[in-house]
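**Student:** No letters, just coordinates:
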Ligand code: BGC
């Protein structure tokens, strides 16, 4: 690196630890992550409790309110089957996935910090609309604004974190984000439990208290500096270097600085990040990232997270017991995520996913069987006490398995397998796919519950089986592999994926059309490339 220009020094050897202290500024970043994750989790957790509150239903969904309180008229399973009600939950995710594409642009063009600030402002606006809602339109507009917040925050916060974290705590910090998602969900469940006793405006408090994490995120984004990577990417080299010194707490940052400059130079060569992502050599990571998101949602977790109170109510629990049970599952979710922080780098990703597969499959089968036998026909009195306790217990067994596997790993694995040049586009695709399938579950679950009844749990258990087989054959272990060595040590060695990466050089941008065609046909592309390479 010379005189502040963009000449590129050789990057440090792959896997090198750069000198770094855990400085106050890194601690502040953790708090940032906490608020971004809290906000996402709060939005996930709050809607189920609110939609089971009578005051809320009477005001916005009088039809559902009447159906719910008219016993014996309809099957238990169909009490909440209402598209509008599902839209209240799902609109957030639809808005979020749309916002991701804008967020991808703003993270690159204006930086991570500004993108988090935009997220915070969307959150505050959404909370105001929701807390003050007079009609369904205001409610939905509020949810859409919150969704935009989620789209921007989930794109920027994980990137911000992984760029600001010293290498040795990067994995832990990543799961910390998920831990805060689960804390946000639990916090929402607890608040719902309290506010359900405040009539007739308790629900306003539930929706309005999301203002706390929203405000914290906004305030935090105003306080912190942008990441050195983002500053350097946008040509602010000296500032980037100064920030790097500050966050690492040392003047010895030259080699890390050179590596960032090198990486950002390489990233600049990529004119169309999303098109680049579609190239053959990036196929394995793309397929894994997309599959992880689809599978994560098809575990059925959000049927529980969104609709636990509604679900328990469907099983015949009283309102209070439903909200109370949701608090229990929320707490199990938080505690089990801690298990994953501890074990992910010891046992490895595959072991956690495969063990959890068995646990999730069995618990869902038991739930389906109990409901199938005990909650039949149009009876509306629900399960007996003993059976109800068994169902709650099985839901806890299911949630704990999810929380130490697909919950955090669904986010961790895509973030650690993409090479730098596709990492940010890869993150957008990851977030977008996740929110798309979250939307699908949010919009469809209550109708599916009505139509498929207990079979819905058998349906999800089938998916758990499929994803476990996928993990067994197609997901390589990434434990303890330095992030920039994934291609060499993981993908090129995998029995299936190696065929995509071994000829990775073949479609490099600088190949002319003829060579690329030869490469694509497998007719000696590599040899031609060797000849043209310096
Ligand atoms: C998922 C969310 C889910 C949460 C539950 C996250 O990893 O993306 O959809 O609600 O885990 O803890």
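**Tutor:** Great, that's in hand. Just so it is clear, the model here is predicted, and its values are computed rather than measured. Residues are numbered from 1 along each chain as shown.
**Student:** List the residues that contact the residue of the stretch 151-300 of the chain found nearest the ligand.
**Tutor:** Residue nearest to the ligand within the stretch 151-300 of the chain: residue 182 (4.7 Å; C-beta to the nearest ligand atom). Just so you know, the C-beta spots here come from the backbone N, C-alpha and C atoms, and that holds for glycine as well. Taking C-beta atoms under 8 Å, 6 or more residues apart in numbering as the criterion, residue 182 is in contact with 41, 330, 333-334, 337, 403, 407.
**Student:** Swap in 6 Å and give it another go.
**Tutor:** 333-334, 337 (C-beta atoms under 6 Å, 6 or more residues apart in numbering).
**Student:** same check, this time on residue 289
**Tutor:** Residue 289 neighbours (C-beta under 6 Å, 6+ apart): 414, 426, 430.
**Student:** quick one: which of the residues you listed is nearest the ligand?
**Tutor:** Distance to the ligand across the contacts of residue 289 (C-beta to the nearest ligand atom) is lowest for residue 430, with 10.2 Å.
**Student:** mind listing what the closest one touches?
**Tutor:** By C-beta under 6 Å, 6+ apart, residue 430 lies in contact with 289, 414.
**Student:** how far away is it from residue 211?
**Tutor:** For residue 430, the distance to residue 211 equals 28 Å [C-beta to C-beta, to the nearest Å].
**Student:** go on, residue 124?
**Tutor:** Residue 124 is 7 Å from residue 211, where distance means C-beta to C-beta.
**Student:** Compare these two (neighbour count), which wins?
**Tutor:** Higher neighbour count among residue 124 and residue 211: residue 124, with 19 against 16, using other C-beta atoms under 10 Å.
**Student:** Next, the buried residues of the helix or strand containing that one.
**Tutor:** Assigned by DSSP states H and E, residue 124 falls within helix 112-131. Residues of helix 112-131 classed as buried by neighbour count (16 or more other C-beta atoms under 10 Å): 112-131.
**Student:** What residues of the lengthiest helix in the chain count as buried?
**Tutor:** When the chain is parsed with DSSP state H, its longest helix is helix 420-452. By neighbour count on 16+ other C-beta under 10 Å, the buried set for helix 420-452 is 420-443, 445-446, 448-450.
**Student:** ditto for stretch 285-294
**Tutor:** 285-286, 288-294.
**Student:** Can you pull the residues of the stretch 301-450 of the chain lying near the ligand?
**Tutor:** Neighbours of the ligand within the stretch 301-450 of the chain, by C-beta under 6 Å from any ligand atom: 301-302, 305, 333, 407, 410-411, 434, 438.
**Student:** residue contacts, the residue in the stretch 1-150 of the chain that the ligand sits nearest to?
**Tutor:** Taking C-beta to the nearest ligand atom, the ligand has its nearest neighbour within the stretch 1-150 of the chain at residue 44, 4.4 Å off. Going by C-beta under 6 Å, 6+ apart, residue 44 touches 185, 305.
**Student:** Next to the ligand, which bits of the protein? Give me the list.
**Tutor:** Taking C-beta under 6 Å from any ligand atom as the measure of proximity, the chain contacts the ligand at 44, 178, 181-182, 185, 296, 301-302, 305, 333, 407, 410-411, 434, 438.
**Student:** Return the subset of those lying in helices.
**Tutor:** If you go by DSSP H, the residues of the chain next to the ligand have 44, 178, 181-182, 185, 296, 301-302, 305, 333, 407, 410-411, 434, 438 in helices.
**Student:** Next, the angle helix 420-452 makes with the helix or strand residue 462 falls within.
**Tutor:** Residue 462 is part of helix 455-474 when elements are defined by DSSP H and E. Put simply, helix 455-474 runs at 150 degrees to helix 420-452, going by axes from the mean of the first three to the mean of the last three C-alpha atoms, to 10 degrees.
**Student:** Skip ahead from helix 455-474 and say which helix or strand is next.
**Tutor:** Going down the chain from helix 455-474, the next helix or strand is helix 486-489, by DSSP H and E.
**Student:** from the middle of its chain, how far away would that following helix be?
**Tutor:** Distance of helix 486-489 from the chain centroid (C-alpha atoms, centre = their mean, to the nearest Å) equals 25 Å.
**Student:** Equivalent analysis for stretch 318-337, please.
**Tutor:** What separates the centre of stretch 318-337 from the centre of its chain is 20 Å, taken as C-alpha atoms, centre = their mean.
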